[in-house]
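1. Show me how the following folds:
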Amino acid sequence: MSLLFSKLLLVSILALSKAKFDPIAFSVSQYAVLSVTNETVLPYPHTITNHMHRNEISNGVFTSREGGTFKCQVYSLAGSNKKIFLEIWHNDHRVASLYAHSPSYGSGGNAVVLSLSEGDTVQVKTRINYPEVVYDLPNEIYNTFTCVQIGSEAISTDETAIPAFSVTSNRNQNVNGGDSIMYNTELVDINNAFNLDTGVFNAPTSGIYIFHFFSLAHQNEELWQDLFHNDHYVCSIKCVTDFEWTGAGNTVILHLNANDTMTVKAHAGVDNYLFGKQDQIFTTFSGVQVITDLDMLSPESYPVVAFSVALTHNVTVAAGSTVPFDKVFVNYKNSYNISTRRFVAPASGVYEFNYHGRTSTGSSIYLRLMHNQRYINSIYDNIPGHHATAGNAAVLEVVGGDEVRIESTGITNKLYGDRNEIYCTFSGYLLHAITPGEIIVG
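-> Numbers count the residues shown, from 1 in each chain. Coordinates of the predicted model:
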């Protein structure tokens with residue numbers, strides 16, 4: 001065997017080893033009512049998915065076994081007329097917060113992208129000297145902690161080249177209607193693609209991206225923000241109460257061309273009075289490229305699966321019925337079926353799913369994520385006299401042909417939607433293709 005041939009063979013082997021990046025990916029949950037008064041690490045004893053057991057979460061603490069970039073999300077529900085005030089910590093640094101309080105049950109969430117070294121920790125803590133009640137039951141799972149390692153199955157992309165950003169605001173800001181939300185802290189900005197001076201992300205390469213944005217309004221103030229792709233409206237977050245601080249979030253998957261922009265703005269004509277402090281970080285904006293257009297052309301990248309759908313009209317969904325999302329942002333492999341209202345997996349593998357909802361005035365929101373007939377988790381919120389809003393996420397190991405859907409739980413849901421006010425969304429994408437024999441459910 002010639003030296004040149006040996007080198008080419010080695011390069012080919014290394015390239016193929018990159019082709020099937022196998023991420024750390026997990027979703028865990030808390031399934032009991034937890035009442036605390038001091039700073040406490042929130043335990044997540046129930047495992048929804050821990051892909052290939054590539055990482056363990058001990059007593060609620062995720063310790064990374066390897067360095068890399070990770071996207072982490074937390075959702076929670078407060079007990080009736082109780083409060084939750086949770087914080088996401090990276091090692092000894094607080095990176096994001098979530099808060100909720102309602103005369104009924106109030107929900108909150110947040111998401112960030114973090115650069116972790118081997119041995120780094122990520123955990124969720126309750127607020128020091130702050131009494132709160134986290135609500136959950138074995139058959140009503142609202143409190144979840146999800147992390148996925150960012151990488152690419154494509155041979156032409158190494159880990160450091162994958163665009164990802166996560167920015168936050170730790171200060172009060174008054175944003176005039178139509179102006180961009182501003183962020184003053186940069187957690188991650190691979191490729192230097194986010195401009196803190198303008199609040200704009202500029203896509204360095206074309207491909208499929210997932211975006212998350214969250215915020216919290218001052219007491220008794222309305223929060224209404226819109227996400228824009230270039231100059232085109234995508235979706236919104238909106239909330240208000242008569243007596244409290246309130247927040248909301250949303251998630252969407254889009255296809256971007258190189259140099260396309262993504263911006264979060266205060267809704268035209270509506271000033272946003274956003275709450276934040278050095279140690280209270282509620283306003284966040286994060287994005288990650290799932291795969292580039294160039295990489296999608298490579299046989300080593302197949303299959304590429306991603307969908308993102310939304311609701312553009314008011315609809316009443318009876319208990320047990322599936323939410324009829326009608327707008328498609330992306331639908332690679334035609335994996336989401338508008339007619340059946342279900343995602344049908346075209347390939348076995350590890351998937352991440354996100355869903356958010358908002359109701360008509362005075363109605364509760366109560367939806368659940370279903371994998372075939374297996375219950376995964378729920379969202380619930382009720383703000384008397386106002387719209388309810390909530391979200392959740394999960395990593396699932398899915399066999400080709402399996403169905404995943406969003407279902408109305410226990411009550412009739414009066415969901416709110418309009419072509420220019422999109423709050424109800426459902427998104428998912430394939431993290432890593434695996435054979436059915438490698439999938440372990442539970």
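
2. Tell me, how many residues neighbour the nearest residue to residue 76 once chain neighbours are set aside?
-> Spatially, and ignoring its direct neighbours in sequence, residue 76 is nearest to residue 143 (4.7 Å; Cβ to Cβ, 6 or more residues apart in numbering). C-beta coordinates here come from the backbone N, C-alpha and C atoms, glycine included. The criterion is other Cβ atoms under 10 Å. On that basis, residue 143 has 28 neighbouring residues.

3. wait, what's in contact with residue 143?
-> Shown in contact with residue 143 (Cβ atoms under 8 Å, 6 or more residues apart in numbering): 29, 30, 42, 44, 75, 76, 77, 134, 135, 136.

4. what's near enough to touch residue 264?
-> Going by Cβ under 8 Å, 6+ apart, residue 264 touches 180, 181, 199, 213, 225, 226, 227, 228, 285.

5. so what's the last one closest to, chain neighbours aside?
-> Right, the one you point to is residue 285. Among residues not flanking residue 285 along the chain, residue 213 sits closest, at 4.8 Å (Cβ to Cβ, 6+ apart).

6. same check, this time on the first one
-> In space, residue 180 comes closest to residue 199 once its chain neighbours are excluded; the distance is 3.7 Å by Cβ to Cβ, 6+ apart.

7. Do I have it right that that neighbour meets residue 184?
-> No: Residue 199 sits out of contact with residue 184 when judged by Cβ atoms under 8 Å, with a separation of 10.1 Å.

8. ok, these two, which is more surrounded?
-> For residue 199 versus residue 184, neighbours defined as other Cβ under 10 Å are more numerous around residue 199 (20 against 13).

9. mind checking pLDDT for that one?
-> Residue 199 is assigned a pLDDT of 98 by the prediction.

10. Next, find the distance separating it from residue 219.
-> To residue 219, residue 199 is 24 Å away according to Cβ to Cβ, to the nearest Å.

11. what's the answer for residue 268, then?
-> Noted for residue 268: a distance of 24 Å to residue 219, by Cβ to Cβ.

12. same deal with residue 23?
-> Relative to residue 219, residue 23 is positioned 40 Å away (criterion: Cβ to Cβ).

13. the more surrounded of the two?
-> Per other Cβ under 10 Å, whichever of residue 23 and residue 219 has more neighbours is residue 23, with 23 against 12.

14. In which helix or strand does the more buried one reside?
-> No secondary structure element spans residue 23, as it lies outside all helices and strands (assigned by DSSP states H and E).

15. Around the residue lying closest to it once chain neighbours are set aside, how many other residues sit close by?
-> Closest residue to residue 23 in three dimensions, ignoring its sequence neighbours and counting by Cβ to Cβ, 6+ apart: residue 149, at 3.8 Å. Look at residue 149: counted by other Cβ under 10 Å, it has 24 neighbours.

16. The protein: helices as residue ranges?
-> Remark: helices of the chain, listed N- to C-terminal, are 3-19, 293-296; assignment by DSSP state H.

17. ranking those by mean pLDDT, which is last?
-> Per-segment confidence across the helices of the chain bottoms out at helix 3-19, which has a mean of 38 in mean pLDDT.

18. Can you report how many residues lie near residue 64?
-> Neighbours of residue 64 under the rule other Cβ under 10 Å: 19.

19. Then residue 408?
-> Counted by other Cβ under 10 Å, the residues lying close to residue 408 total 21.

20. Check the gap between it and residue 219 for me.
-> Using Cβ to Cβ, residue 408 is found at 32 Å from residue 219.

21. ok, residue 266 to residue 54 distance?
-> For residue 266, the distance to residue 54 under the criterion Cβ to Cβ works out to 41 Å.

22. hmm, I was thinking of residue 127
-> From residue 127 across to residue 54, the span is 31 Å (Cβ to Cβ).

23. Repeat that for residue 87.
-> When Cβ to Cβ is the yardstick, residue 87 and residue 54 sit 26 Å from each other.

24. The two: who's more crowded?
-> For the pair residue 87 and residue 54, the greater number of neighbours falls to residue 87 (23 against 14), based on other Cβ under 10 Å.
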